[in-house]
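Engineer: sequence and predicted model, in that order:
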Amino acid sequence: MTAKIKQLIKHHRYLKLPLTVCMIVVTIFCNVCYYFAHNTKRFASVLAVMIFFVASSSFSFLSAEEQLGIMPESQEWAQIQENYEYVPTTFHIPAADVIDDNDVLEGYDNKELEVEVSKIDQYSLDDFLEAEVTGEAKQVKSPSLAKLSKDDWQLVLVNKQHPVPDDYTFTLGTIKGKMKCDARIIDDLTEMMKAAKADGINLMVCSPYRDYNRQTVLFNRKIDYYMEKGYSYLEAYKISSMTVTVPGASEHQIGLALDIISSTYYALDQGFGETKAGIWLREHCDEYGFILRYPLGKEYITGIQYEPWHFRYVGKEAAHNIMERGITLEEFLEDLE
């Protein structure tokens, strides 16, 4: 092709410049095509390295959660809450099949586990005041919100994802009979019951501290009970977990959780939240360091259905902040970081 162009230049002098330029371009193009054709593997390798470099550079600007495709917990909760619609959990259990803790443990004796079941598992303010409290029961001054730490004893997180730490220790205070709880919360609990009584409400405390053995027995007995009624193991497990936390993941085991009812409403069900006692507790519990642990509409965070009778001690400062904002202990601890 270049030879033909040279002949044209020789016979047509006026085409010398444009034809020369054309010849140069053609020559360069041919040389480039020849070079690429004979170095395909080399350029493919260089291209791959460049693509990898660009991809890794952009990837390095992502957070660890984004790199792994994990949404930060706070964003995940916000997204879930935005699309969350509360639907009460029901299992269509016949009324005759519904049992409470005392029913399932009645007549039960397990010497191997050394489980002693009290026939009386409910105590009123009068029982509190008449009893001789044992253990280091003393008024505990709550630290200010600014000084609170996730490591504080009253803020220990216990749920299905955070079982009771193996090294967790505390002093049990015995109020009466077999009723026990963390000795440090007894004064605040008593003051709360006094305040309720002054407003014409007689609170009753039931199912306070439970050790691991009792929790295990209670949970397994409920599973056995429902299986004897014809439910499958999975159905029995699901029904039992509605009212009894899986052993090792219960706040009752650390002595900071209490089930509270009233002298006029004994059932541990959601109806208690609409009683005078349930409303009073929800409005005043934070004044004494307690929170409604499993509030309505927060099941996607706590993993537990709404329980208007279950109260947890967290200290007055934390309790006021949690109840005023309408959040859970999990969300409070997330903000505390």
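Structural biologist: It's in.

Engineer: okay, how far is it across stretch 238-251, tip to tip?
Structural biologist: Start and end residues of stretch 238-251 are separated by 19 Å (CA to CA, to the nearest Å).

Engineer: with stretch 229-238 instead?
Structural biologist: 14 Å.

Engineer: let me know the average pLDDT across that stretch.
Structural biologist: Here stretch 229-238 scores 84 as its mean pLDDT.

Engineer: quick check: E191 touching Y288?
Structural biologist: Yes: if you go by CB atoms under 8 Å, E191 and Y288 touch, sitting 5.7 Å apart. No exception for glycine: its C-beta is placed from N, CA and C like everyone else's.

Engineer: neighbour count winner among the two?
Structural biologist: Y288 (22 against 14; other CB atoms under 10 Å).

Engineer: contact partners for that one?
Structural biologist: 188-189, 191-192, 195, 316, 319 (CB atoms under 8 Å, 6 or more residues apart in numbering).

Engineer: now for those residues, which pair is the farthest apart?
Structural biologist: A195 and A319 (14.2 Å; CB to CB).

Engineer: neighbour count winner among the two?
Structural biologist: A319 (26 against 15).

Engineer: tell me the contacts of that one?
Structural biologist: Here A319 is in contact with 285-291, 313 (CB under 8 Å, 6+ apart).

Engineer: repeat that with 6 Å
Structural biologist: Counting by CB atoms under 6 Å, 6 or more residues apart in numbering, A319 touches 286, 289-291.

Engineer: and which of those is nearest G278?
Structural biologist: The closest of those, once distances to G278 are taken by CB to CB, is F290, at 13.2 Å.

Engineer: quick check: bridge partners of that closest one?
Structural biologist: Y313 (DSSP bridges).

Engineer: so it is in contact with F311, correct?
Structural biologist: Yes: the pair F290 and F311 passes the contact test of CB atoms under 6 Å, sitting 4.5 Å apart.

Engineer: count of neighbours near S232?
Structural biologist: S232, neighbours per other CB under 10 Å, totals 10.

Engineer: lowest average confidence, helix or strand, in the protein?
Structural biologist: helix 64-67 (a mean of 47; mean pLDDT, DSSP states H and E).

Engineer: so when I look at S45, I'm seeing a helix, right?
Structural biologist: Yes: per DSSP: H, G, I helix; E, B strand; the rest coil, S45 lies within a helix segment.

Engineer: what's the neighbour count on Y233?
Structural biologist: 11.

Engineer: again, but for I51
Structural biologist: 10.

Engineer: likewise for L145?
Structural biologist: L145, neighbours per other CB under 10 Å, totals 13.

Engineer: please begin residue numbering at 33 from this point
Structural biologist: Noted, 33 is the first residue going forward, which turns the last one into L177.

Engineer: got the phi/psi numbers for it?
Structural biologist: Torsion angles at L177 (phi, psi; degrees, to the nearest 10) stand at phi -60, psi -40.

Engineer: noted, bye for now.
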